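*Asks:* need a structure here:
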Amino acid sequence: MQLSLRILSLAALFAVSLTSCTHVEKLGDAFTGEGTGEITDLGNGQFDIAAAGGFSGNRSDTYAKWDRTAKLACKGGEYKVIKRDWQSAAYPGILGGIIECTNKKR
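*Replies:* Numbering: from 1, shown residues only. So this is what the prediction gives:
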């Protein structure tokens with residue numbers, strides 16, 4: 001009984017965490033240099049974004065994926081980087097940060 005309640009609570013927590021994102025990439029693109037990353041709308045034209053790189057460890061692929069994600073958040077327009085950094089050792093290969101859209105396409 002306790003195990004099933006724990007599984008249910010974890011499933012609920014996972015579902016709630018997904019609703020805060022405006023975009024979730026395809027599972028196949030999650031740890032490759034393809035596709036786009038994760039976008040969370042912070043309001044006022046700002047977005048928290050993250051992109052996971054490929055297993056090859058090529059950081060340029062991750063930067064390119066991060067850029068595609070930022071442009072997607074800004075509907076194809078330009079953006080200003082507020083913060084961008086590599087996540088901690090616990091999450092290697094994930095580039096995260098905050099951007100602000102500088103166009104009027106939103």
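
*Asks:* what is the neighbour count of Trp66?
*Replies:* For Trp66, the count of nearby residues is 24 (other CB atoms under 10 Å). No exception for glycine: its C-beta is placed from N, CA and C like everyone else's.

*Asks:* you'd agree Leu72 is in a helix?
*Replies:* Yes - assessed by DSSP: H, G, I helix; E, B strand; the rest coil, Leu72 belongs to a helix.

*Asks:* now the strands for the protein?
*Replies:* Applying DSSP state E to the chain gives strands spanning 38-43, 46-52, 79-86, 94-101.

*Asks:* now Gly35: how far from Arg59?
*Replies:* Between Gly35 and Arg59 the computed distance is 17 Å (CB to CB, to the nearest Å).

*Asks:* cool, Gly97 as well?
*Replies:* For Gly97, the distance to Arg59 equals 14 Å [CB to CB].

*Asks:* okay, these two: which has more neighbours?
*Replies:* Ranked by neighbour count (other CB under 10 Å), Gly97 and Arg59 place Gly97 first, with 18 against 14.

*Asks:* the more buried one touches Val81, doesn't it?
*Replies:* Yes - at 6.4 Å, Gly97 counts as touching Val81 under the criterion of CB atoms under 8 Å.

*Asks:* so where is the chain shaky, pLDDT-wise?
*Replies:* Filtered on pLDDT under 70, the chain yields the residue ranges 1-33, 54-57, 91, 104-106.

*Asks:* could you dump the strands of the chain to TSV with distance to Ala64?
*Replies:* As requested, those are exported to TSV (distance: least, CB to CB, whole Å):
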stretch	distance to Ala64
strand 38-43	16
strand 46-52	9
strand 79-86	13
strand 94-101	10
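
*Asks:* and among the ones you listed, the most buried is which?
*Replies:* The highest mean neighbour count among the strands of the chain, using mean count of other CB atoms under 10 Å, belongs to strand 46-52: a mean of 22.

*Asks:* buried sites along stretch 51-67?
*Replies:* Using 16 or more other CB atoms under 10 Å as the test for burial, stretch 51-67 gives 51-54, 61-62, 65-67.

*Asks:* against Ile82, how distant is Asn44?
*Replies:* 11 Å.

*Asks:* which residues do these two both contact?
*Replies:* Glu100 (CB atoms under 8 Å, 6 or more residues apart in numbering).
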